[in-house]
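>>> the sequence and its predicted three-dimensional model are supplied below.
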2 protein chains.
Amino acid sequence: MSKSLLELTPVETVACSSPLMKQPLSSDAAERIAPLLKALADPVRLRLLSLVASHVDGEACVCDLNDAFDLSQPTISHHLKVLHEVGLLDRTKRGVWVYYSIKSEALADLGALIGGVAR
Amino acid sequence: MSKSLLELTPVETVACSSPLMKQPLSSDAAERIAPLLKALADPVRLRLLSLVASHVDGEACVCDLNDAFDLSQPTISHHLKVLHEVGLLDRTKRGVWVYYSIKSEALADLGALIGGVAR
DNA sequence: TGTCAACATAGACACATGTCGAAGTCTTTG
DNA sequence: CAAAGACTTCGACATGTGTCTATGTTGACA
């Protein structure tokens, strides 16, 4: 790990923070973790993530995801981008189709940070 | 539990949802859980919650919390209100002082929902 | 090469949110 | 009762966010 504490990604920050209840979060850590939670804090994105996560192999095609919502295709695309940029979803293109897959370690680390589970 | 599924509070919804990775979240559940995450998805509120949670007895006075931030007192009051309204913090008035305390079960349930820990 | 289908990007717009200063509500104490 | 202190509420303002339509881009296939 050659990165300084100041250039960690949100996911990396979560991965090396102790639970919220154990000790006060530093201002820097909070600034980096908040975007991750913000990405999660939307009903559509919550369902998207859950749909992808609970899908076979933890991945799903955009075309399938679109059908699950009453929203325009660009809107779904936008939400998937948000989840991808923050490091909660991976993106793979196979032919004409794009598959998003869950990064379960990131999700697990975030859960531990919030829930206070021993790490 | 006499409430119907449609009138659960965010915290109650979290408490009886299975992890994101196990099965797709219903639209209703997502709509009720998102506000809870939204309350958490702010650097200041993250630090506030962490400060309260890691404090002695899991409670802290507003006056102490104010000093930890470079923000106006009404702003801190606003953030505490958000965390209280969503059910993550409790409020007690003792004399002139107001103490906020952590509702750790809510936090634990939210962590489990995200992290996928068995419930 | 041209066309179609699957996604992504761009631009616009309404609405939500974080912040502040000013003013209001209680509670203690002189 | 008056005054001071600890918070909360209010109103205003700049910024951020979710959604849409329109337009690009890329890959498959005739």
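Nice, I can see it. Numbering: from 1, shown residues only, chains lettered A, B, ... in the order given.

>>> what does chain A put close to DNA strand C?
With the criterion set to C-beta under 7 Å from any atom of the strand, chain A comes near DNA strand C through A:61-63, A:66, A:73-74, A:77-78, A:80-81, A:91, A:96-98. Placement of C-beta: from N, CA and C, glycine included.

>>> JSON lines for these, including secondary structure, neighbour count and pLDDT?
Rendered in JSON lines, the data for those read as follows (DSSP: H, G, I helix; E, B strand; the rest coil; neighbours: other C-beta atoms under 10 Å in any protein chain shown; pLDDT from 0 to 100):
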{"residue": "A:C61", "secondary structure": "strand", "neighbour count": "15", "pLDDT": "96"}
{"residue": "A:V62", "secondary structure": "helix", "neighbour count": "16", "pLDDT": "97"}
{"residue": "A:C63", "secondary structure": "helix", "neighbour count": "13", "pLDDT": "94"}
{"residue": "A:N66", "secondary structure": "helix", "neighbour count": "15", "pLDDT": "96"}
{"residue": "A:Q73", "secondary structure": "helix", "neighbour count": "12", "pLDDT": "98"}
{"residue": "A:P74", "secondary structure": "helix", "neighbour count": "8", "pLDDT": "98"}
{"residue": "A:S77", "secondary structure": "helix", "neighbour count": "13", "pLDDT": "98"}
{"residue": "A:H78", "secondary structure": "helix", "neighbour count": "13", "pLDDT": "98"}
{"residue": "A:L80", "secondary structure": "helix", "neighbour count": "23", "pLDDT": "98"}
{"residue": "A:K81", "secondary structure": "helix", "neighbour count": "13", "pLDDT": "98"}
{"residue": "A:R91", "secondary structure": "strand", "neighbour count": "14", "pLDDT": "97"}
{"residue": "A:V96", "secondary structure": "coil", "neighbour count": "7", "pLDDT": "96"}
{"residue": "A:W97", "secondary structure": "strand", "neighbour count": "11", "pLDDT": "97"}
{"residue": "A:V98", "secondary structure": "strand", "neighbour count": "16", "pLDDT": "97"}
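
>>> interface residues of chain A facing chain B?
Where chain A comes near chain B, counting by C-beta under 8 Å from any C-beta of the partner chain, the residues are A:20-25, A:27, A:30-31, A:33-35, A:37-38, A:40-44, A:46-47, A:49-51, A:53-54, A:58, A:102, A:104, A:107-117.

>>> show me the residues you listed that map onto helices.
A:27, A:30-31, A:33-35, A:37-38, A:40, A:43-44, A:46-47, A:49-51, A:53, A:104, A:107-115 (DSSP state H).

>>> tell me how far the most centrally placed residue in chain A lies from A:I76.
Averaging the C-alpha coordinates of chain A gives a centre point, and the residue nearest to it by C-alpha atoms, centre = their mean is A:L88 (2.4 Å). Relative to A:I76, A:L88 is positioned 15 Å away (criterion: C-beta to C-beta, to the nearest Å).

>>> one more: A:G111?
The value you get for A:G111 to A:I76, if C-beta to C-beta is used, is 25 Å.

>>> neighbour count winner among these two?
In this comparison of A:G111 against A:I76, neighbours counted by other C-beta atoms under 10 Å in any protein chain shown, the higher total goes to A:G111 at 24 against 20.
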